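> Need a 3D model of the following:
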Amino acid sequence: MTIHKHGQAHWEGDIKQGKGTISTESGALSEQPYGFNTRFEGKAGTNPEELIGAAHSACFSMALSLMLGEKGYVPQSIDTKADVSLDKVDGGYGITKIALDSSVVLPGIDKQEFDAIIKQAKENCPVSKVLKAEITLNYQLKN
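Next up, the predicted model:
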């Protein structure tokens, strides 16, 4: 079974003065503005890096929940942030690193077992698998 989801972008103009919109199939984003100023100058609107960060955070959290569930655990909460680094590389820009930071409330699990599961989630969530950037993980287990 293959699941297909889509997002789309519209762009007008040159790189610095141009502007665009991003939309998603679900409607969660509908013609959300983006451009050079939202990506490089901190102006209001979105950018590809924060969208990748949101997608990676969501995917990792769901993968962790799945893997914990397979071992009989149900987390009270999983809060994950993905800090996406965009750096100048080889005459252009590249996403070089994503730092995942997750806080998990899960009473009753052995720390060693949890460590193994969360590291497996980092390596095996579908978004982690598609990214070439270095992915690091910092986490806290709260009982």
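
> And the helix ranked longest in the chain, what does it pack against?
Longest helix of the chain, by residue count under DSSP state H: helix 48-70. Here helix 48-70 touches strand 77-89, strand 92-105, helix 111-124, helix 126-130, going by 3 or more CB pairs under 8 Å, 6 or more residues apart in numbering; DSSP states H and E. All C-beta spots, glycine's among them, are computed from the backbone N, C-alpha and C.

> what inclination does it have with respect to strand 77-89?
Helix 48-70 runs at 140 degrees relative to strand 77-89, counting by axes from the mean of the first three to the mean of the last three CA atoms, to 10 degrees.

> Quick one: mean pLDDT over helix 48-70.
What helix 48-70 shows for mean pLDDT is 97.

> sorry, back to before: show me the one of the helices and strands packed on helix 48-70 that comes nearest residue 5.
When those are compared by CB to CB, helix 126-130 sits nearest residue 5, at 11.4 Å.

> Identify each buried residue in that closest one, please.
127, 128 (16 or more other CB atoms under 10 Å).

> same thing with stretch 65-73?
65, 67, 68, 73.

> Could you double-check that the second one sits in contact with residue 114?
No: with contact taken as CB atoms under 8 Å, residue 67 and residue 114 are classed as non-touching, separated by 10.3 Å.

> got a list of what the residue nearest in space to the middle of the chain touches?
In the chain, the residue lying closest to the centroid (CA atoms, centre = their mean) is residue 56, at 2.1 Å. Taking CB atoms under 8 Å, 6 or more residues apart in numbering as the criterion, residue 56 is in contact with 82, 84, 98, 100, 125, 127, 128, 131.
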